[in-house]
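# Sharing a model that was predicted from the sequence below.
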Amino acid sequence: AQKVTQAQTEISVVEKEDVTLDCVYETRDTTYYLFWYKQPPSGELVFLIRRNSFDEQNEISGRYSWNFQKSTSSFNFTITASQVVDSAVYFCALSEGRDSSYKLIFGSGTRLLVRP
Amino acid sequence: DTGVSQDPRHKITKRGQNVTFRCDPISEHNRLYWYRQTLGQGPEFLTYFQNEAQLEKSRLLSDRFSAERPKGSFSTLEIQRTEQGDSAMYLCASSPRLAGGPTDTQYFGPGTRLTVL
């Protein structure tokens, strides 16, 4: 069965610290897609990144970087030099290629608090 | 270029009343999804449309829930005889369907927060 686990419920850091949010997924499909979304206090889910299962290259976008490792079924997200504006709930999500709906299966989220 | 919009943003109702939410997807996006998010949890899939056809419904969608997308543009989600357990954030998302390939990213609206008293 498909599942996404975000074991860290809440993380608190001081501004400028680096922080890594963990995501572990389960799927029997060989083709799948992984996502990270940010949900600020306003409530809207903001898309951050999409990765397909055939592309294990790590990606960097400004202060954000993602580490995809199929061997450990993990798709971790690192924020470098965190800022107060990074405070939000972050969700990792999975969609499976054999599922024609491509619906998203979300983890329970990690609440990140960045203190000044 | 506007994003996904939802109306209303907040709805407070009494148990047993009917409520209807609206979602306007990004123009040209032919896939539209509804999710429900309760406090402290990630969103859970409810249903999705490709154009005007409702192609899948979750078991979470009881017979009190109905969704429509009559012209393949906006969608409505109606909850009849609301219960306190229906209190949640209802999120809508849309995505384009790339011909012959996998679907693209889902973009979410701001959600409708429902409180059932």
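That came in fine, so what should we check first? Numbering: from 1, shown residues only, chains lettered A, B, ... in the order given.

# so where do the strands sit in chain A?
Ranges of strands in chain A, per DSSP state E, are A:3-5, A:10-14, A:19-21, A:24-26, A:32-39, A:46-52, A:59-61, A:64-69, A:74-79, A:88-96, A:105-106, A:110-115.

# in its sheet, what does the first one sit against?
Yep, that's strand A:3-5 we're talking about. Strand A:3-5 has its sheet partners listed here by DSSP bridges as strand A:24-26 (antiparallel).

# buried residues in the partner strand?
Buried residues in strand A:24-26, counted by 16 or more other C-beta atoms under 10 Å in any protein chain shown: A:24-25. Any C-beta I mention is one placed from the backbone N, CA and C, and that applies to glycine too.

# swap in stretch A:75-88?
Neighbour-count burial for stretch A:75-88 [16+ other C-beta under 10 Å]: A:75-79, A:82, A:86-88.

# Can you add pLDDT and give these back as JSON lines?
Putting these into JSON lines (pLDDT from 0 to 100) gives the following:
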{"residue": "A:Phe75", "pLDDT": "96"}
{"residue": "A:Asn76", "pLDDT": "97"}
{"residue": "A:Phe77", "pLDDT": "97"}
{"residue": "A:Thr78", "pLDDT": "97"}
{"residue": "A:Ile79", "pLDDT": "97"}
{"residue": "A:Ser82", "pLDDT": "97"}
{"residue": "A:Asp86", "pLDDT": "97"}
{"residue": "A:Ser87", "pLDDT": "97"}
{"residue": "A:Ala88", "pLDDT": "97"}
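
# Of the residues you listed, which are in range of chain B?
Among the buried residues of stretch A:75-88, none lies close to chain B by the criterion of C-beta under 8 Å from any C-beta of the partner chain.

# among the residues you listed, which two are most distant?
Taking every pair in those and measuring C-beta to C-beta, the maximum separation is 21.5 Å, between A:Phe75 and A:Ser87.

# Would you give the sheet partners of the worst-scoring helix or strand of chain B on mean pLDDT, along with the direction of each?
When each helix and strand of chain B is scored by mean pLDDT, DSSP states H and E, strand B:53-57 comes last, with a mean of 92. Sheet pairing for strand B:53-57, assigned by DSSP bridges, gives strand B:44-50 (antiparallel).

# Alpha carbons of the partner strand, as PDB, please.
Below are the C-alpha coordinates for strand B:44-50, written out as PDB (Å, rounded to 0.1, in the frame of the first residue of the first chain):
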ATOM      1  CA  GLU B  44      -6.900  13.500   2.000                       C
ATOM      2  CA  PHE B  45      -8.200  12.800  -1.500                       C
ATOM      3  CA  LEU B  46     -12.000  13.000  -2.000                       C
ATOM      4  CA  THR B  47     -12.700  13.000  -5.700                       C
ATOM      5  CA  TYR B  48     -11.400  14.200  -9.100                       C
ATOM      6  CA  PHE B  49     -12.800  15.300 -12.400                       C
ATOM      7  CA  GLN B  50     -11.300  15.100 -15.900                       C
END
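
# touching chain B at all, stretch A:103-116?
Yes. Under the criterion of C-beta under 8 Å from any C-beta, chain B is reached by stretch A:103-116 at A:103-109.

# coming back round to it: can I get the strands of chain A in JSON lines with distance to B:Leu39?
Formatted as JSON lines, the strands of chain A follow (distance: least, C-beta to C-beta, whole Å):
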{"stretch": "strand A:3-5", "distance to B:Leu39": "18"}
{"stretch": "strand A:10-14", "distance to B:Leu39": "14"}
{"stretch": "strand A:19-21", "distance to B:Leu39": "20"}
{"stretch": "strand A:24-26", "distance to B:Leu39": "23"}
{"stretch": "strand A:32-39", "distance to B:Leu39": "12"}
{"stretch": "strand A:46-52", "distance to B:Leu39": "19"}
{"stretch": "strand A:59-61", "distance to B:Leu39": "30"}
{"stretch": "strand A:64-69", "distance to B:Leu39": "27"}
{"stretch": "strand A:74-79", "distance to B:Leu39": "23"}
{"stretch": "strand A:88-96", "distance to B:Leu39": "11"}
{"stretch": "strand A:105-106", "distance to B:Leu39": "14"}
{"stretch": "strand A:110-115", "distance to B:Leu39": "12"}
